[in-house]
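1. Provided below are the primary sequence and the corresponding predicted coordinates.
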Amino acid sequence: MDVYDKGGVTVNLICVDNDVTTLRRVKKICKEISRMDEPIFFSKVSEAVEWMESGHSVNIALLEIDGNKTGLLLAQHIRMKYPETVIILLSYHRKFAIDALRIHASGFLLKPVTSEKLHKEIRYAMQLYHES
């Protein structure tokens, strides 16, 4: 039994990032974790918002923040609409770590991110989600 397997509840994860390497790593990691649904990928923030507005909830959100900060705006939107959602932010820019703290993200990963670090953050997010 997976350490985060609580009562048969499965967890969904969305990933909003246009980096193919990150998307591949997330998909592989999610397959290794029991009680994790197939991750849902979006390359554009607008696609993720449209998906959520159609009635889908989000348990864990893995979001890229780039220079235009649309990922950060999405994180703020998710925090308001789904306060229990665990948010992990990814960026090539260290300066966005402060923004991650401001929205109470559970993690911030500096890109390029290793599979090991990504796996650790997703596992931690699972733990936080199950504790909420």
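-> Thanks, I have the structure now. Numbering: from 1, shown residues only.
2. In three-state terms, label Asn68 for me.
-> With DSSP: H, G, I helix; E, B strand; the rest coil as the basis, Asn68 sits in coil.
3. State the distance from it to Ser91.
-> Per Cβ to Cβ, to the nearest Å, Asn68 is found 12 Å from Ser91. Yep, even glycine has a C-beta here, placed from its N, CA and C like the rest.
4. who's the residue lying closest to Asn59 once chain neighbours are set aside bridged to?
-> In this structure, Asn59 finds its nearest non-sequential neighbour in Val11, 4.5 Å apart by Cβ to Cβ, 6 or more residues apart in numbering. Counting by DSSP bridges, Val11 forms beta bridges with Met36.
5. Am I right that Val11 is in contact with Met126?
-> Yes - at 6.0 Å, Val11 counts as touching Met126 under the criterion of Cβ atoms under 8 Å.
6. which of the two has more neighbours?
-> In this view Val11 and Met126 are compared by other Cβ atoms under 10 Å, and Met126 has more residues nearby, 24 against 21.
7. Which strands or helices does the one helix or strand that one maps to pack on?
-> Using DSSP states H and E, Met126 falls within helix 115-131. Applying 3 or more Cβ pairs under 8 Å, 6 or more residues apart in numbering; DSSP states H and E, one finds that helix 115-131 contacts helix 20-32, strand 60-64, strand 86-91, strand 107-110.
8. Extract the residue ranges of this protein that are flagged as low pLDDT.
-> 1-9 (pLDDT under 70).
9. returning to that earlier point: could you list every residue that touches the residue nearest to Asn59?
-> Arg35, Met36, Asp37, Asn59, Ile60, Met126, Tyr129, His130 (Cβ atoms under 8 Å, 6 or more residues apart in numbering).
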